[in-house]
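S.K.: sequence plus predicted model, see below.
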Amino acid sequence: MSELNTYENKVKERDYKFAYGGFFLRLIAYLIDILVIASIFQIVSAMVYIDPDLNFFGIPIRALVKLGITLLYFFLMTYITKGRTLGKFILGLRVISLTSDRLSLSQIFLREVCGRFVQDKIKILYLFVGISPKKQSVFDMLLDTTVVKENIFKALYEK
């Protein structure tokens with residue numbers, strides 16, 4: 001019985017009600033990241049010529065390259081920096097797992113690649129951040145992750 005109880009405590013979702021990063025902070029961080037991605041895309045475009053008329057199954061290659069850079073940026077930055085992108089770093093935000101001490105590779109991949117792809121196609125889904133109690137997007141809810149204000153999180157919740 002105690003073994004089962006220990007397991008339940010490990011996967012029990014944590015509540016960091018004073019530290020959640022709100023909609024507008026996350027929006028500003030996202031806009032900063034988009035500026036960084038646009039700069040990276042301009043650098044890549046200057047180094048490698050991409051024919052504007054070239055398509056892949058009716059989708060312009062330039063759009064596919066930009067999508068690839070975007071998804072790769074969010075995935076790699078979140079993975080390498082343990083939950084931060086440049087925009088989140090500037091604003092003092094971090095993605096955390098609500099059920100574990102660390103983000104798993106699958107949480108990062110699903111959140112930053114799959115989640116971002118879907119939410120960029122259906123932008124209204126971003127509004128969930130503003131109305132959910134834990135300031136979570138749809139994919140944050142599915143993956144038990146959220147964004148916190150790092151200074152408050154460290155002061156109140158880290159041991």
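M.R.: Structure received. Numbers count the residues shown, from 1 in each chain.
S.K.: point out where this protein drops to low pLDDT.
M.R.: Residues of the chain that meet the criterion pLDDT under 70 lie in 1-12, 159.
S.K.: what sits against the most centrally placed residue in it?
M.R.: In the chain, the C-alpha closest to the average C-alpha coordinate belongs to residue 112, at a distance of 4.8 Å (C-alpha atoms, centre = their mean). With contact taken as C-beta atoms under 8 Å, 6 or more residues apart in numbering, residue 112 is in contact with 71, 74-75, 78. (Glycine included, C-beta is placed from N, CA and C.)
S.K.: what's the neighbour count on residue 76?
M.R.: 13 (other C-beta atoms under 10 Å).
S.K.: in a helix, it, correct?
M.R.: Yes: the assignment for residue 76 by DSSP: H, G, I helix; E, B strand; the rest coil puts it in a helix.
S.K.: which residues does it contact?
M.R.: Residues in contact with residue 76, defined by C-beta under 8 Å, 6+ apart, are absent; none qualify.
S.K.: please, where are all the strands along this structure?
M.R.: With DSSP state E applied, the chain shows strands at 55-56, 59-60, 93-97, 145-149, listed in chain order.
S.K.: mind checking which of the ones you listed is nearest residue 138?
M.R.: Shortest distance between residue 138 and the strands of the chain, using C-beta to C-beta, is found for strand 145-149: 11.4 Å.
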